[in-house]
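Q: Quick one: sequence plus predicted model below, questions after.
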Amino acid sequence: NNRSQLSSLPLQILLYVNGIYYIFYFLATLVMIIYKSQVFSYPDDLLAPDLAVLFLMAILEVPRLYLGFKGNLTEAEVPLGLSLGLTVGSVLLSVYLLLWQTYVLWADVLLNAVLLSAYGLESGLKVTAIAAFVS
């Protein structure tokens with residue numbers, strides 16, 4: 001059986017790097033939200049949604065990465081497609097933290113710009129991999 005391997009090495013590497021980066025992103029963003037709540041007059045009713053978005057994003061990140069790894073390694077389009085769908089959710093949450101959280105510091109802009117770039121690249125590789133698996 002001389003079946004060609006369709007799983008994407010660049011996607012696998014990027015998923016791994018994104019997993020590591022996300023841990024850094026989560027901790028840095030959490031520390032900044034805590035910092036901002038101490039330094040600025042952070043309205044109590046706005047602190048909770050900013051934290052909720054960050055924690056929701058962290059909860060989404062686990063199945064997003066797992067399904068991405070699994071779908072790519074098993075060359076299955078369904079888990080990869082689900083991972084792509086979760087990536088859309090993560091992108092929206094990242095955009096919220098980039099544009100609409102109570103206080104946006106230059107570090108928030110930098111962290112979210114890197115994350116969004118990684119999501120964009122990863123999504124392109126997922127679409128390419130799905131196309132290869134389906135064909």
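A: Structure received.
Q: Sticking with the residue nearest the centre of the chain, tell me its helix or strand.
A: Residue closest to the mean C-alpha point of the chain, counted by Cα atoms, centre = their mean, is residue 90 at 5.1 Å. Assigned by DSSP states H and E, residue 90 falls within helix 77-99.
Q: now for that helix, which elements pack on it?
A: helix 44-73, helix 106-134 (3 or more Cβ pairs under 8 Å, 6 or more residues apart in numbering; DSSP states H and E). Every C-beta, even on glycine, is put in place using the N, C-alpha and C of the backbone.
Q: about what we covered before: how about the contacts made by the residue nearest to the centre of the chain?
A: Residues near residue 90 by Cβ atoms under 8 Å, 6 or more residues apart in numbering: 57, 60, 61, 64, 119.
Q: possible to save the helices and strands packed on helix 77-99 as CSV with mean pLDDT?
A: Shown next, in CSV, are the helices and strands packed on helix 77-99 (pLDDT from 0 to 100):
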stretch, mean pLDDT
helix 44-73, 94
helix 106-134, 96
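Q: I'm done for today, thanks for sticking with me.
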